[in-house]
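**Student:** attaching a predicted model along with its sequence, questions to come.
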Amino acid sequence: MTTDQYLAELGQQLRVDAVRMTGHAGSGHATSSMSAADLMAVLLARHLRYDFDWPKHPGNDHLILSKGHASPLLYAAYKAAGALSDEELMTYRTLGSRLEGHPTPRLPWVDVATGSLGQGLPIGVGIALAGKRLDEMPYRVWVMCGDSELAEGSIWEAFEHAGYERLDNLTLVADINRLGQRGPTRHEWDLDAYARRADAFGWHVVEVDGHDPVAIDAAYREANGVTDRPSVVLARTVKGKGVAAVADKEGKHGKPVPDPEEAVDELGGARSLRVEVERPAATTAPRQAHGVHADLPRYEVGDTVATRNAYGEALAAVGRDRGDVVALDGEVSDSTRSQLFAEEHPGRFFECYIAEQELVASAVGMQVRGWTPFVSTFAAFFSRAHDFLRMAAISRASLSLAGSHAGVAIGEDGPSQMGLEDLAMFRALHGSTVLAPCDANQTARLTAAMADGGGIRYLRTGRGGSRVIYGPDEEFAVGGSKVLRRSSRDRLTIVAAGVAVHEALRAADELAEGGTAVRVIDLYSVKPVDAHTLLEAAEETGCLLTVEDHRPEGGLGDAVLDAFTDGRAAPRLIRLAVDTMPGSATEAEQLEEAGINASAIVAAVRRQVSDASATAA
């Protein structure tokens, strides 16, 4: 059993190593690490259950450093646990080092990337939910946050959700050191102000001196003993604790201490304490069945089916085949159709209400535990959670997301409900996959494919009914496309996705009646894009016309251009997209007003063909 004096010495060691690391690197957040050193020392030595030799042990506790800028503290703790050497510690913030300025899963003990403040607790809620309702295992989720990030709205989404779900396996350790980046925080050391808020959300609250190891130990034990709600330990600390030159001083945030060697001496010198972190009890991994997608819904060619309906029916079918699939929604499951999954698999469905940041964060947390989450809401509302998606990509997270009600085609609801920027947003995420199906069978197949994918995967669905144009046995490879009209006389290629495919087909038929042949490509995989088919079409027809129910910036048209970034000459390109501000109108009126319906396509093609003929003459 570690003594109280040992805990105090360990806290000093963590401070010393934070000073050494940042001093050697010439950058980094020393003072933010020093304030929480005692909190980390007690957690590491007496309360964390973790096997550093087996990071994926199903019984391991989870520790999320939400205040990711205090990464020196986390790395110093890993060294104390024997997971990192002192030599690697001194590679902090250097090229090729695993010890980045803010922690990422390049280190096997880091579940998720942090550093964009206000994300650690929401993700911790997702992990805790998995523990309570999916894994049904006794691991605890520990989140350490700073006081500055308690101003983030996402933190309070997480507080409410955790309180509502009564997540007694979740403990938040809040480092209340009074100072933010540019000066004092909103509530400074008024712990009661934070306590009143946490209590209002149904949390058990413990206030403690964050530099008293005995009191910290007692606070953690109290939190562990609570069996009906989450707990928060509000710790009053001093930023830069232990070094007079920086302790509780403004203007010292994000910097090494002025004289690292002198600071180390002031802290009592370097130490080499080793912590034997208690390992979790032997246990088995949660049941996760990976099956085939043999029972996907099937739709007859010529039927009219909304792609959102096909998504919901396919998701429910995938859930039957795969016990690892879970679904989350933001109180619009009747619209996104994920309610079909909820009705069939209620134990694996999670209602996150109108809190899109927590919605995505919960999914990130669940995939940490090996589950395969599908997240559904309106396409437009994913913009509320863009930073969580961006950080999920940095975390190397595996998520499937479905955005319904995309584009002006939703009709009378108006522009606030129209996803018109979603393709651009998801295309910009590192390693993402972006899919825009046009019919029900295509949607069902792509939904199943997403369950087997990696990274951030986005599926765009529509509100209104669309004619089924593909048979139920048609295959749709991610990164592929379908050529729907083709001849040796094609004068131009129309490239479309989603609802625009049907407008393109109608336009092609009308043009053919007038003697003008055009190629039509269904570019359902917007990222990765089928460059081969586009290059071939450009070479054979000389001109590409893109049509999309999306803003011109960052969508289908830009995806097509990406196929011509290898140095070869780009073809002539015409772009039809939504560059107006829509109002309320029917679907047909919206498409006409935006200039992306069949008539607009026909007019654009005829202008191009006429201009090309005039030039040739």
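**Tutor:** Arrived safely.

**Student:** tell me, how many residues neighbour Y164?
**Tutor:** Neighbourhood size, Y164 [other CB atoms under 10 Å]: 12. Bear in mind the C-beta positions are built from the backbone N, C-alpha and C, glycine included.

**Student:** please report the distance of the residue nearest the centre of the chain from S383.
**Tutor:** The chain has L389 as the residue nearest its centroid, 3.0 Å off, counting by CA atoms, centre = their mean. Going from L389 to S383 by CB to CB, to the nearest Å gives 10 Å.

**Student:** follow-up on the earlier one: what pLDDT does the residue nearest to the centre of the chain get?
**Tutor:** Predicted confidence (pLDDT) for L389: 98.

**Student:** what's the spacing between S376 and Y458?
**Tutor:** Distance, S376 to Y458, by CB to CB: 11 Å.

**Student:** quickly list what's touching both of the two.
**Tutor:** L401, A402, G403 (CB atoms under 8 Å, 6 or more residues apart in numbering).

**Student:** top of the residues you listed by number of neighbours, please.
**Tutor:** Going by other CB under 10 Å, A402 tops the shared contacts of S376 and Y458 with 30 neighbours.

**Student:** need the residues touching each of L389 and S383.
**Tutor:** What both L389 and S383 touch, as defined by CB under 8 Å, 6+ apart, is the set M425.

**Student:** H24 contacts M90, doesn't it?
**Tutor:** Yes - with contacts counted by CB atoms under 8 Å, H24 reaches M90, the gap being 5.2 Å.

**Student:** residues in contact with the helix or strand bottoming out on mean pLDDT in the chain?
**Tutor:** Least confident element among the helices and strands of the chain, by mean pLDDT, DSSP states H and E: helix 598-616 (a mean of 87). Identification of contacts with helix 598-616 by CB under 8 Å, 6+ apart yields 491-492, 494, 503-504, 506-507, 510-511, 516, 518, 542-543, 545, 547, 572, 574, 576, 592.

**Student:** return the distance of that helix from the chain's centre.
**Tutor:** Relative to its parent chain, helix 598-616 has a centroid offset of 43 Å by CA atoms, centre = their mean, to the nearest Å.

**Student:** how about that helix: buried residues?
**Tutor:** Counting neighbours by 16 or more other CB atoms under 10 Å, one finds that the buried residues in helix 598-616 are A598, A600, I601, V602, A604, V605, Q608, V609.

**Student:** residue ranges of the helices in the stretch 151-300 of the chain, please?
**Tutor:** Using DSSP state H, counting those that start in this stretch, the helices of the stretch 151-300 of the chain run over 153-165, 191-200, 213-225, 260-266.

**Student:** quick one, which of those helices is nearest to R49?
**Tutor:** Of all those, helix 213-225 sits nearest to R49, with 10.6 Å by CB to CB.

**Student:** rewinding a little: buried ones among the contacts of helix 598-616?
**Tutor:** Applying 16+ other CB under 10 Å to those flags 491-492, 494, 503-504, 507, 511, 516, 518, 543, 545, 547, 574, 576, 592 as buried.

**Student:** in helices, which of these fall?
**Tutor:** Assigned to helices by DSSP state H, the following of these qualify: E503, A504, A507, L511, E592.

**Student:** just to revisit the earlier point, got CSV for the helices of the stretch 151-300 of the chain, with mean pLDDT and distance to V529 too?
**Tutor:** Compiled in CSV, the helices of the stretch 151-300 of the chain are given as follows (pLDDT from 0 to 100; distance: least, CB to CB, whole Å):
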stretch, mean pLDDT, distance to V529
helix 153-165, 98, 33
helix 191-200, 98, 47
helix 213-225, 98, 50
helix 260-266, 98, 50
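
**Student:** what about the stretch 201-350 of the chain, any weak spots by pLDDT?
**Tutor:** Under the criterion pLDDT under 70, the flagged ranges of the stretch 201-350 of the chain are 283-294.

**Student:** just the strands from it, written as ranges.
**Tutor:** Remark: strands assigned in the stretch 201-350 of the chain by DSSP state E, counting those that start in this stretch are 204-209, 231-236, 304-306, 325-329, 349-351.

**Student:** ok, and which of these has the densest surroundings?
**Tutor:** Among the strands of the stretch 201-350 of the chain, ranked by average contacts under mean count of other CB atoms under 10 Å, first place goes to strand 325-329 (a mean of 26).

**Student:** quick revisit: ok, the buried ones among the contacts of helix 598-616 vs L99, which is closest?
**Tutor:** Among those, and counting by CB to CB, the member closest to L99 is V547, at 48.2 Å.

**Student:** thought the closest one was touching I494?
**Tutor:** Yes - with contacts counted by CB under 8 Å, V547 reaches I494, the gap being 6.4 Å.

**Student:** which neighbours do those two share?
**Tutor:** Each of A504, I601 lies in contact with both V547 and I494 under the rule CB under 8 Å, 6+ apart.

**Student:** please report how far T227 lies from L170.
**Tutor:** In terms of CB to CB, T227 sits 12 Å off from L170.

**Student:** and for V264?
**Tutor:** Separation of V264 from L170 (CB to CB) stands at 36 Å.

**Student:** compare neighbour counts for those two and give me the winner.
**Tutor:** L170 (29 against 20).

**Student:** got a pLDDT number for the more buried one?
**Tutor:** Turning to L170, the model gives it a pLDDT of 98.

**Student:** got the contact list for it?
**Tutor:** When contacts are counted by CB under 8 Å, 6+ apart, L170 touches G124, V125, A128, R140, V141, V143, A162, P230, S231.

**Student:** alpha carbons of the helix or strand containing the first one, as PDB, please.
**Tutor:** It stands for G124. Using DSSP states H and E, G124 sits in helix 120-129. Provided in PDB are the C-alpha atoms of helix 120-129 (Å, rounded to 0.1, in the frame of the first residue of the first chain):
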ATOM      1  CA  GLY A 120     -13.300  14.700 -22.900                       C
ATOM      2  CA  LEU A 121     -16.400  14.500 -20.700                       C
ATOM      3  CA  PRO A 122     -18.900  14.000 -23.500                       C
ATOM      4  CA  ILE A 123     -16.800  11.200 -24.900                       C
ATOM      5  CA  GLY A 124     -16.400   9.800 -21.400                       C
ATOM      6  CA  VAL A 125     -20.200   9.700 -21.200                       C
ATOM      7  CA  GLY A 126     -20.200   7.500 -24.300                       C
ATOM      8  CA  ILE A 127     -17.700   5.100 -22.800                       C
ATOM      9  CA  ALA A 128     -19.600   5.000 -19.500                       C
ATOM     10  CA  LEU A 129     -22.900   4.300 -21.400                       C
END
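
**Student:** could you give me the buried positions within it?
**Tutor:** If you call a residue buried by 16+ other CB under 10 Å, then helix 120-129 has these buried ones: G120, L121, P122, I123, G124, V125, G126, I127, A128, L129.

**Student:** apart from its chain neighbours, what residue comes closest to the first one?
**Tutor:** The spatially closest residue to G120, leaving aside those adjacent along the chain, is S66, at 2.3 Å (CB to CB, 6 or more residues apart in numbering).

**Student:** can you report phi and psi for that neighbour?
**Tutor:** phi -60, psi -40 (degrees, to the nearest 10).

**Student:** who touches A128 in this structure?
**Tutor:** Applying CB under 8 Å, 6+ apart, the residues contacting A128 are V141, A162, E165, L167, N169, L170, P230, G365.

**Student:** among the residues you listed, which pair sits farthest apart?
**Tutor:** Farthest-apart pair in the contacts of A128 is P230 and G365; separation 13.7 Å (CB to CB).
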